[in-house]
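Asks: sequence first, predicted model second:
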Amino acid sequence: MSILSPVSQIGDTLEPGDDQFWLLADATFIPGDTVLCPVNSDGTYTTCTTPTAASTGVVASAIASDGVFGVVRKGATSGNYARVQIRGEVDANMLSTAAASITVGGTFIPNTSKQLEFDQGNGVTNAKWVALFVGAGSTVSSSTSTPAIRKVWFNGIEGFGRHGGSTS
Amino acid sequence: MGALLSLVQLDTGRGFKLGERDTALTTLVACARGDVMQLIRDSSGGFSTCTGAGAGNITGTSATYTDSGTTLAKAGAFANYTFRKGDRVRITAGTGVTAGIYPVTSKTDDDTIVIPDIGANASDVAFTLFDHSLMRGYFGVVLDREVAANRLVHLRLIGVCHMFTKNSADAAIAKDNLFCPTSGKDGDSGLASVGLNAKFIAKAIDTAAVSTTATRALRLVNFNGIHGWAGTYAGTT
């Protein structure tokens, strides 16, 4: 994730950026929640809401849509402003529904429960990868079906590519 | 030039918008406001010219399939096609075919390409050979009203702009729909037409009503012709 690429004394390094904004919440959100940022008619983003299935990039009727996502840093109740991180290193609520081992560099898609989901079958082909697991420096291999806060590199704008699935 | 979108905090201190990156290049063809143009890389690795995006997909019907060499043949169909590794062809219909998207193995001549086995007795094949340049290029949207060929044109590379958009299947265009470039200098949200690996370059903001979405019309989009929106179309299941 070459969000920033400063030159260090030992060469080029990759360093995540830190894009955070105050967005009007339409429900209660807590730190670690992944939220959808709907675009306004003038192209601005001023609110956040719970992600929808259609916002993840999954194809329906030969059309794909996807949203801009963020991770809540400071929570808020409905009608108040949450601090939301759009890109960069952040602690996010994640899981593997199938209890798979979550490996460093593993890719995640948003789900409609405000979590990052590691499992990706054919049903989510074309979904936008918004996060890479970087937490703990090692594989998480137990109890991954229970949502937990773990560190990721997050990019809710451009993402990290898409889940390829199978073709027909 | 940074390839990622810059995010700009709104003056209110609450909310954000996408930053903008523009450039000026010499266009090799006449173009007008909202046209999608493809940047042409020069020998130095930079970009100084642009042209209409791609040559377009190649479609054909009643093509002949020969199982012994797994070849697909139609007279003259591939005359303007240059094979590149990773090219894909969609077999859409035919007798005894297994429809789907297949990699192209090679080009034999202007009449024939080699593909994987699509059915031992396949015949009367309909196909779409996808234009690779629409998958791998860099794109910009014309900001000027009208520009003649070989003149300087101002392009938006990243940010909000009005772009010619359509849905070639005449389906409704909704907010956040993703568009891929076409050889008609516009963006198409109809994935069956643009095909596997087409680059997502824009997202719909408004959905300005026109009588038919299959006809190109200017609509406001969030454009990213460099990085694209999370890459390319990954296909359906």
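Replies: Arrived safely, thanks for sending. Only a predicted model underlies this, so the values are computations on that prediction, with no experimental measurement involved. Numbering: from 1, shown residues only, chains lettered A, B, ... in the order given.
Asks: does the longest strand along chain A come close to chain B?
Replies: Determined from DSSP state E, the single longest strand within chain A is strand A:81-95. Yes - judged by C-beta under 8 Å from any C-beta of the partner chain, strand A:81-95 comes into contact with chain B through A:81, A:86, A:87. Bear in mind the C-beta positions are built from the backbone N, C-alpha and C, glycine included.
Asks: tabulate the CA atom coordinates of that strand in PDB.
Replies: Extracted in PDB, the C-alpha atoms of strand A:81-95 (Å, rounded to 0.1, in the frame of the first residue of the first chain):
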ATOM      1  CA  TYR A  81     -20.200  13.000  14.300                       C
ATOM      2  CA  ALA A  82     -17.800  10.000  14.300                       C
ATOM      3  CA  ARG A  83     -14.100  10.200  13.500                       C
ATOM      4  CA  VAL A  84     -13.600   7.900  10.500                       C
ATOM      5  CA  GLN A  85     -10.300   6.700   9.000                       C
ATOM      6  CA  ILE A  86     -10.500   6.200   5.200                       C
ATOM      7  CA  ARG A  87      -6.900   5.000   4.600                       C
ATOM      8  CA  GLY A  88      -4.000   3.900   6.700                       C
ATOM      9  CA  GLU A  89      -3.100   1.600   9.600                       C
ATOM     10  CA  VAL A  90      -6.100   1.100  11.900                       C
ATOM     11  CA  ASP A  91      -7.600  -1.300  14.500                       C
ATOM     12  CA  ALA A  92     -10.700  -2.900  12.900                       C
ATOM     13  CA  ASN A  93     -13.200  -5.400  14.000                       C
ATOM     14  CA  MET A  94     -12.600  -8.500  11.900                       C
ATOM     15  CA  LEU A  95     -13.400 -12.200  11.700                       C
END
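Asks: what lines up beside it in the sheet?
Replies: strand A:18-25 (antiparallel), strand A:68-74 (antiparallel), strand A:116-117 (parallel), strand A:148-155 (antiparallel) (DSSP bridges).
Asks: columns mean pLDDT on top of the ones you listed, output as a markdown table?
Replies: Formatted as a markdown table, the strands paired with strand A:81-95 follow (pLDDT from 0 to 100):
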| stretch | mean pLDDT |
| --- | --- |
| strand A:18-25 | 94 |
| strand A:68-74 | 97 |
| strand A:116-117 | 95 |
| strand A:148-155 | 93 |
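Asks: quick one on the thing from earlier: off-centre distance for whichever helix or strand comes after the longest strand of chain A?
Replies: Using DSSP states H and E, the helix or strand that follows strand A:81-95 in sequence is strand A:107-110. Chain-centre distance of strand A:107-110: 6 Å, with C-alpha atoms, centre = their mean, to the nearest Å.
Asks: Provide the strand pairings for strand A:107-110, with the direction of each partner.
Replies: When DSSP bridges is applied, strand A:107-110 pairs with strand A:116-117 (antiparallel), strand A:131-133 (antiparallel).
Asks: let me know which of these is tucked in deepest.
Replies: Highest mean neighbour count of these: strand A:116-117, a mean of 25 (counted as mean count of other C-beta atoms under 10 Å in any protein chain shown).
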